[in-house]
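Novice: Predicted coordinates and the sequence they were generated for:
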Number of protein chains: 4
Amino acid sequence: MIVVVKAGTDGGEIRKFMAYLEGLGVSVHHSQGKYQSVLGLVGDTAEVSRESLEAHHLVEKVIPVQEPYKRANRLFHPEDTRVDIPGPDGRMRHIGGEFLGIIAGPCSVENRDQITAIAVEIKKAGAGFLRGGAFKPRSSPYSFQGLGCGGLELLLEAKKAAGLPVVSELMAIHHIELFEDVDVIQVGARNMQNFNLLRELGRCRKPVLLKRGPASTISELLMAAEYIMSGGNDTVILCERGIRSFESSTRNTLDLSAIPMLKRKSHLPVIVDPSHATGLSWMVGSMAKAAIAAGADGIMVEVHNNPEEALCDGEQAITPDSFAALMKDLEKYARIEGRVLE
Amino acid sequence: MIVVVKAGTDGGEIRKFMAYLEGLGVSVHHSQGKYQSVLGLVGDTAEVSRESLEAHHLVEKVIPVQEPYKRANRLFHPEDTRVDIPGPDGRMRHIGGEFLGIIAGPCSVENRDQITAIAVEIKKAGAGFLRGGAFKPRSSPYSFQGLGCGGLELLLEAKKAAGLPVVSELMAIHHIELFEDVDVIQVGARNMQNFNLLRELGRCRKPVLLKRGPASTISELLMAAEYIMSGGNDTVILCERGIRSFESSTRNTLDLSAIPMLKRKSHLPVIVDPSHATGLSWMVGSMAKAAIAAGADGIMVEVHNNPEEALCDGEQAITPDSFAALMKDLEKYARIEGRVLE
Amino acid sequence: MIVVVKAGTDGGEIRKFMAYLEGLGVSVHHSQGKYQSVLGLVGDTAEVSRESLEAHHLVEKVIPVQEPYKRANRLFHPEDTRVDIPGPDGRMRHIGGEFLGIIAGPCSVENRDQITAIAVEIKKAGAGFLRGGAFKPRSSPYSFQGLGCGGLELLLEAKKAAGLPVVSELMAIHHIELFEDVDVIQVGARNMQNFNLLRELGRCRKPVLLKRGPASTISELLMAAEYIMSGGNDTVILCERGIRSFESSTRNTLDLSAIPMLKRKSHLPVIVDPSHATGLSWMVGSMAKAAIAAGADGIMVEVHNNPEEALCDGEQAITPDSFAALMKDLEKYARIEGRVLE
Amino acid sequence: MIVVVKAGTDGGEIRKFMAYLEGLGVSVHHSQGKYQSVLGLVGDTAEVSRESLEAHHLVEKVIPVQEPYKRANRLFHPEDTRVDIPGPDGRMRHIGGEFLGIIAGPCSVENRDQITAIAVEIKKAGAGFLRGGAFKPRSSPYSFQGLGCGGLELLLEAKKAAGLPVVSELMAIHHIELFEDVDVIQVGARNMQNFNLLRELGRCRKPVLLKRGPASTISELLMAAEYIMSGGNDTVILCERGIRSFESSTRNTLDLSAIPMLKRKSHLPVIVDPSHATGLSWMVGSMAKAAIAAGADGIMVEVHNNPEEALCDGEQAITPDSFAALMKDLEKYARIEGRVLE
């Protein structure tokens, strides 16, 4: 941790301040510049509160050197993490390492026929995971809010019918027991910093798909993962789904450079959701291909058998036929990168 | 609602599409431009899903005319809402109308002496409300997370000692019973779109202080208020606390133009939190004054008796002495605006 | 153009306002909603000033339907534009259509050996165009500002030596004569809205590579292209090079979804500069591949023979060897997309 | 300057690297942390290129300690700068120190009657400076581009008629001679990083009003000022006029916290343009008051005698009557702050 001392602080005050800092259990190096002094704090700086230092009357600013996350940090865990997910068909599926996880399905479960038909079609096209929302976070209280428990039951029926593991979003801690047979629990972008929920998922022994908040930095996303991992659950899959910028022609701005950055800073797998990022079905294919080219460990795509009648986010869903065509393209890209669609 | 039809769509298709739209219960006006057709939908468009229309194969884009919020909308409720909060001293305090609510106190309750001493000091300086966090949303799982229930008890002791109503943040639905004697429930910026929590607060009969998410638009903030109000709780206080921008010299960018905009679109009172917005104690005073000048209905300021030793956010807290001096300035500003500090 | 009338305006006033609008030469359709009236303006709305309408006392807001650009608009020019650039080796090179233009070279020309050596190496690796800055826009007046005219001469020597057409940035109108033998004139991101410069380039008969400003919308980029095209110069190449967002781990946020969006709205070719976008040499390769996958018509990459000693932006330059390796990858991607590196 | 060395670099390499750095003329302090080494560079680090260091194979990242601007830096010039501007009425006017400069006038000069009438009215209301654009940067080539030289002449006539010094925007270096009788030269937001223009203005002996680019950081604004000042022109007035954020209900997001931040980092006066920031005439008053409360050294407001017929930006202009009423309010605010409207 680097502490920049206010200009004009005299030597005696600096020495006293250094003694105080050393009293916190760190060693301190002093660099005296022409106008300003800089202190380098070395040792177990985790015990030193950045905020308290910033409140200190001699301090101009504090610059952290070490990233604040530990378990999610590649520095302490150099190998890639691969998340393994057993399916109802007895097959183990993977996300990370050489495996590109392909998660597809509708925004929300609407009825038995819809979810089962889609599940069967995406499996045929090669998807490895079925997604479907039962509890939906909607920005309007007057919009369709999902079928709730009933939707979850229909999703689990489709899971069996198609033989695919399922991914669904958990919105509230008290629903967690309902998710026993859901294979991957999704934390939505708006809940990325719902710390009580994250802490609860740290106690789970189930993979968590953690979506980046639309205004969250890469560092904040990794700190959210750290909340889950610090509770003992290391199976976290990160998901880039667009960030908020001034550009309004797409719903969000898909930050594909987050993929190599996250993979450099962390060992966790990183997937991309081009459907929510762009909000435009005709753009999903090109962004999915770009994600694979950029090094993503998988993608999550909204597929609906009748987007024009979808109860939720139809404008961003592609049809099963378009999805099957996209899979053919993705396979070529995966092959170039030496990877396997899963 | 305006629907722009894709260029090149022929007249017959447009007529069929108009018939379909009329079947949804709205009337449709057709404007044929040189290159594009535009349809104006009039009537009860709440029943028409924007998303489904956007997914329709003939639609280029959909432009909503009406704001999506109803109860929060000034159009249907032209008078300003004033929130009345009874205090433990038997006095009724107000936020909105002519009253500028002044909420002050530490980021988090640390111990009995700290919270009580601060409470007494801010009351002496003229504050109307005591704030103090017991459950703290921290971006790191390794930071101080608040004293929890014990902190809430100490806050309630300080409430009695100083005779001030209290404001504290609720982070999880299952804590709601603990907040029975908390006078105003705060929803933190990161929970602004925690829809389950909002819905629960709609069932409460207690004022809710709703903070704008750092990446939430004004329209989204009002939709979050609508979640609470649609449940029957009309006592919502909006709080601007900085939005995320590219500028990094302040923690967030305080959006003071949100004050007149929110007050034009909605009848709800709007307060400002300059402490979280800037993250810099030396800037709190000038931003508090600017907020009053811009028409805010109150401010929320972090005050700590010893910022250098604060367990949380010390860098943005001002001392009780600075707060007392600031109050003198605010009083002059309030007088110009014909308002009263509360 | 859609005009939303202020709530509460009475029918007589609306009729008078409609008559006024019709007097401007457009036809007006009136849709009377429950709370608000909406007017659809049809015909030659180019003559109607949006700003004046917004200033009108009866107007709540104005919503344009038609994009404001004409020559850059795909609606009026459905086929892709391909820019053809003759090289000093007698060969015609292309950007757009099936051709992926590969532009490579150093941030700035430093000396004869440097620029010639790099030129020869990138040509060997398959690049079609040499880039090199002589006039450099630097955010500090104390940084190296480029070699100026002398740099341009060295670039033109390298052009001959390697047999490659060259791209270089023009910063000021009065330099334009110096650029006679430069094959493609680059407008830097900070000059994207230097309208005098754009207008001057409209009078040129030379391809212009127009970089998107870091805070410019897609619509503004196309309006900047329109400035050039309205002067009669239709050979504009658009370049996405990262936009400003709150994320600070990369220099800018590369907006790859801008590629399909620009190509849908416009017929102009779109290339990507991953070097400036990310500011990180190790990320250039993955972003270049992603750009091709997303449908870009080319890339522009900084290559330096000794990045550690570069006078400018060394942190984002890759070596000629890395570039040669990247070209092998890009070729595979191009083949999948049915395109040819140029 | 702080250099963070890549994790895993061995001691011998670090020693060699330190020797290399010392060879550049700085002294180097080494702090060996648990996982990473940090080097503190002290002395004349202006000679050390940050970019080259970042390109070095042993370097993880470089963290500058000193701000890159010198002449604009308050560290080296602790007293506030006050800019003095002589008027055609023989009176010296000031911006900065105790003086709040009030600049008012239309977006663009339209004809003799318009500009003279407005000039006389704003003077009567107490404004100290007349603004009016002759060369207008318009995002569309099809919009009114200003009257050019003729407009400048009319502005200078109005200057004499009203006895007020004038402010007008310079868009191109070759127009500079036309501006001889313009008292303050404005650099528009889109030209904030037009470095050739800035450099030219450094050679001028005339105050420059430098507007912050909508996507420029505070540090970049000060570097732009540094360009002008490094040429010998110290009379720079900074102007905050809104930055680009995701919020779209106002044209830009007015960053009022930039005022105290700029005044802490620099000695230059800072004014605010609420008209361009918000784009909404009804919001100009509240934002002007907030700017004064936040510590601004003046404001710049668009005033038009007939906003509905304005050729440019009518939606953000206020009438002379509204301006006169606003001046009365501003006077009260100024008095509280111990300042004088000028």
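Specialist: Received the coordinates, thanks.
Novice: Show me what the top helix by length along chain A is packed up against.
Specialist: As assigned by DSSP state H, the longest helix anywhere in chain A is helix A:320-336. Helices and strands touching helix A:320-336, by 3 or more C-beta pairs under 8 Å, 6 or more residues apart in numbering or on different chains; DSSP states H and E, are strand A:99-105, helix A:112-125, helix A:281-293, strand A:298-302, strand A:340-341, helix C:320-336. Where you see a C-beta, it was placed from the backbone N, CA and C, and this is true even at glycine.
Novice: Out of the ones you listed, flag the one nearest residue D:280.
Specialist: Nearest of the helices and strands packed on helix A:320-336 to residue D:280, taken as C-beta to C-beta: helix A:281-293 at 32.4 Å.
Novice: Flag every buried residue along the closest one.
Specialist: A:281, A:283-293 (16 or more other C-beta atoms under 10 Å in any protein chain shown).
Novice: Of those residues, which is the nearest to chain B?
Specialist: residue A:281 (7.3 Å; C-beta to the nearest C-beta).
Novice: hang on, the earlier thing: reformat the helices and strands packed on helix A:320-336 as CSV; add mean pLDDT.
Specialist: Shown next, in CSV, are the helices and strands packed on helix A:320-336 (pLDDT from 0 to 100):
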stretch, mean pLDDT
strand A:99-105, 98
helix A:112-125, 97
helix A:281-293, 97
strand A:298-302, 98
strand A:340-341, 97
helix C:320-336, 97
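Novice: Go through those and name the closest to residue C:25.
Specialist: Of all the helices and strands packed on helix A:320-336, helix A:281-293 sits nearest to residue C:25, with 35.5 Å by C-beta to C-beta.
Novice: quick one: the closest one near chain B?
Specialist: Yes - using C-beta under 8 Å from any C-beta of the partner chain, helix A:281-293 reaches chain B at residue A:281.
Novice: which secondary structure elements does that helix contact?
Specialist: Against helix A:281-293 (3+ C-beta pairs under 8 Å, 6+ apart) you get strand A:270-272, helix A:274-278, strand A:298-302, helix A:320-336, helix C:258-265, helix C:281-293.
Novice: And the ones you listed: which comes nearest residue C:236?
Specialist: helix C:258-265 (11.4 Å).
Novice: Now the closest one: buried residues?
Specialist: C:258-263, C:265.
Novice: Turn the helices and strands packed on helix A:320-336 into a markdown table, columns for distance to residue C:175.
Specialist: Written out in a markdown table, the entries for the helices and strands packed on helix A:320-336 read as follows (distance: least, C-beta to C-beta, whole Å):
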| stretch | distance to residue C:175 |
| --- | --- |
| strand A:99-105 | 49 |
| helix A:112-125 | 55 |
| helix A:281-293 | 37 |
| strand A:298-302 | 46 |
| strand A:340-341 | 52 |
| helix C:320-336 | 29 |
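Novice: Run through the residues of the stretch 201-342 of chain A sitting next to chain C.
Specialist: A:215, A:217-219, A:243-250, A:253-261, A:264, A:277-278, A:282-283, A:286-287, A:289-295, A:329, A:332-333, A:336.
Novice: Pull the distance from stretch A:83-103 to the chain's centre.
Specialist: Its chain's C-alpha centre and that of stretch A:83-103 lie 17 Å apart, by C-alpha atoms, centre = their mean, to the nearest Å.
Novice: Now do the buried residues in it.
Specialist: Buried-residue list, stretch A:83-103, by 16+ other C-beta under 10 Å: A:83, A:85, A:87-88, A:93-97, A:99-103.
Novice: now do stretch A:111-120
Specialist: A:114-120.
Novice: any chance of the residues you listed in a markdown table, plus distance to chain D?
Specialist: Output for these, formatted as a markdown table (distance: C-beta to the nearest C-beta, whole Å):
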| residue | distance to chain D |
| --- | --- |
| A:114 | 34 |
| A:115 | 34 |
| A:116 | 39 |
| A:117 | 37 |
| A:118 | 33 |
| A:119 | 36 |
| A:120 | 40 |
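Novice: from those residues, which is closest to residue B:75?
Specialist: Of these, the one sitting nearest to residue B:75 (C-beta to C-beta) turns out to be residue A:114, at 37.1 Å.
Novice: does that closest one really touch residue A:106, like I thought?
Specialist: Yes - with contacts counted by C-beta atoms under 8 Å, residue A:114 reaches residue A:106, the gap being 6.7 Å.
Novice: which residues do these two both contact?
Specialist: Common contacts of residue A:114 and residue A:106 (C-beta atoms under 8 Å, 6 or more residues apart in numbering or on different chains): residue A:304.
Novice: Would you list the phi and psi of the closest residue to residue A:163 other than its chain neighbours?
Specialist: Among residues not flanking residue A:163 along the chain, residue A:89 sits closest, at 3.5 Å (C-beta to C-beta, 6 or more residues apart in numbering or on different chains). Reported as degrees, to the nearest 10, the phi and psi values for residue A:89 are phi -90, psi 10.
Novice: related to what we said a few turns ago, could I get the buried residues of helix A:281-293 as TSV with distance to residue D:184?
Specialist: Output for the buried residues of helix A:281-293, formatted as TSV (distance: C-beta to C-beta, whole Å):
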residue	distance to residue D:184
A:281	52
A:283	47
A:284	52
A:285	53
A:286	49
A:287	48
A:288	53
A:289	53
A:290	48
A:291	51
A:292	55
A:293	51
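Novice: need the helices for the stretch 101-250 of chain A, in chain order.
Specialist: All helices of the stretch 101-250 of chain A, identified by DSSP state H, counting those that start in this stretch, fall at A:112-125, A:149-162, A:195-203, A:218-230.
Novice: Out of those helices, which one sits most buried?
Specialist: Compared across the helices of the stretch 101-250 of chain A, helix A:218-230 shows the largest average neighbour count, a mean of 24 (mean count of other C-beta atoms under 10 Å in any protein chain shown).
Novice: Only C-alpha atoms, please: export that helix in PDB.
Specialist: What follows is helix A:218-230 as a C-alpha-only set of coordinates in PDB (Å, rounded to 0.1, in the frame of the first residue of the first chain):
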ATOM      1  CA  ILE A 218     -13.900  -5.900 -12.900                       C
ATOM      2  CA  SER A 219     -12.500  -5.500  -9.400                       C
ATOM      3  CA  GLU A 220     -15.900  -5.300  -7.800                       C
ATOM      4  CA  LEU A 221     -17.000  -8.400  -9.700                       C
ATOM      5  CA  LEU A 222     -14.100 -10.300  -8.300                       C
ATOM      6  CA  MET A 223     -14.900  -9.000  -4.800                       C
ATOM      7  CA  ALA A 224     -18.400 -10.300  -5.200                       C
ATOM      8  CA  ALA A 225     -17.000 -13.700  -6.200                       C
ATOM      9  CA  GLU A 226     -14.700 -13.500  -3.100                       C
ATOM     10  CA  TYR A 227     -17.800 -13.100  -0.900                       C
ATOM     11  CA  ILE A 228     -19.000 -16.500  -2.200                       C
ATOM     12  CA  MET A 229     -15.600 -18.100  -2.100                       C
ATOM     13  CA  SER A 230     -14.700 -16.900   1.300                       C
END
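Novice: Perfect, that will be all.
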